[in-house]
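Trainee: Model the structure of this input:
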Amino acid sequence: MRALISTYDKTGLDVFATGLADLGFELVASGGTADFLDELGLDVKRVEEVTHSPEMLGGRVKTLHPRIHAGILARRDDAGDAATLDEHEIEPFDLVCINLYPFEHVAAQKGVTEADAVEMIDVGGPSMLRGAAKNFAHVSPVCRPAQYGFVLDELRSSGSLSSDTRRELAAEAFATTAAYEAAIATWFAEREPFPETLVVALDKVQDLS
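Mentor: Here you go, the predicted structure:
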């Protein structure tokens, strides 16, 4: 089994990654996440070892590579996909753990420059998360530290995640990327009092009785 991990928020990642490693997962990680896992003493393969390409443009390009996205999007029950992976010697991922740059938090800070806010627009993270969610039949997309506990519990008890769990994780992943894009769109539209399109994302505060 193989897990791709790239997180800005490292809350709980020590326990989660250690749990995955104990379950036999090979860990693949990018940039600061790889450094974090290495400091924990975990065996981790860096993304550039998979892509055979260095990070570039100050980290803007690191996971945007066919060897990453093919490993996420490949359908295990499709002979053509399997043949393509074999031809290019690409190993698939079974779990993708991603959380995104804190755009909304940074953009809301007093005195933040437009350039600083723009650098908090995550490109690779949403792409990987959406790819894993699209391929939820074969890949488990994990996007929040709050999910780590029950994901580990199910893996330990069953050896894999059920299709219902993967579907639930996919729904949360798409909701996360949708809210993220909505926050960015709202920020860009703030200069226009009546934008052509207004995108709104709402979080549930409580259940109605």
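
Trainee: Residue 102 is in contact with residue 125, correct?
Mentor: No: when contacts are counted by Cβ atoms under 8 Å, residue 125 is not listed as touching residue 102 (11.2 Å). Just so you know, the C-beta spots here come from the backbone N, C-alpha and C atoms, and that holds for glycine as well.

Trainee: More neighbours: which of those two?
Mentor: Using other Cβ atoms under 10 Å as the criterion, residue 125 and residue 102 rank with residue 125 on top: 22 against 14.

Trainee: Check which helices and strands whichever strand or helix holds the more buried one is in contact with.
Mentor: Residue 125 belongs to helix 124-134 when elements are defined using DSSP states H and E. Counting contacts by 3 or more Cβ pairs under 8 Å, 6 or more residues apart in numbering; DSSP states H and E, helix 124-134 packs against strand 2-7, helix 66-73, strand 95-99, strand 140-142, helix 163-189.

Trainee: Quick one: find the helix or strand in this protein with the lowest mean pLDDT.
Mentor: helix 103-107 (a mean of 71; mean pLDDT, DSSP states H and E).

Trainee: And for the helix or strand following that helix, what's in contact with it?
Mentor: Tracing the chain C-terminally past helix 103-107 and defining elements by DSSP H and E, one meets helix 114-119 next. Identification of contacts with helix 114-119 by Cβ atoms under 8 Å, 6 or more residues apart in numbering yields 103, 106-107, 187.

Trainee: I'd like the residues you listed laid out as TSV, including distance to residue 49 and neighbour count.
Mentor: TSV is the format used below for these (distance: Cβ to Cβ, whole Å; neighbours: other Cβ atoms under 10 Å):
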residue	distance to residue 49	neighbour count
103	29	19
106	30	15
107	34	20
187	35	17
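
Trainee: Taking the residues you listed, tell me the two that lie furthest apart.
Mentor: Greatest spatial distance among the contacts of helix 114-119 (Cβ to Cβ): 106 and 187, at 10.3 Å.
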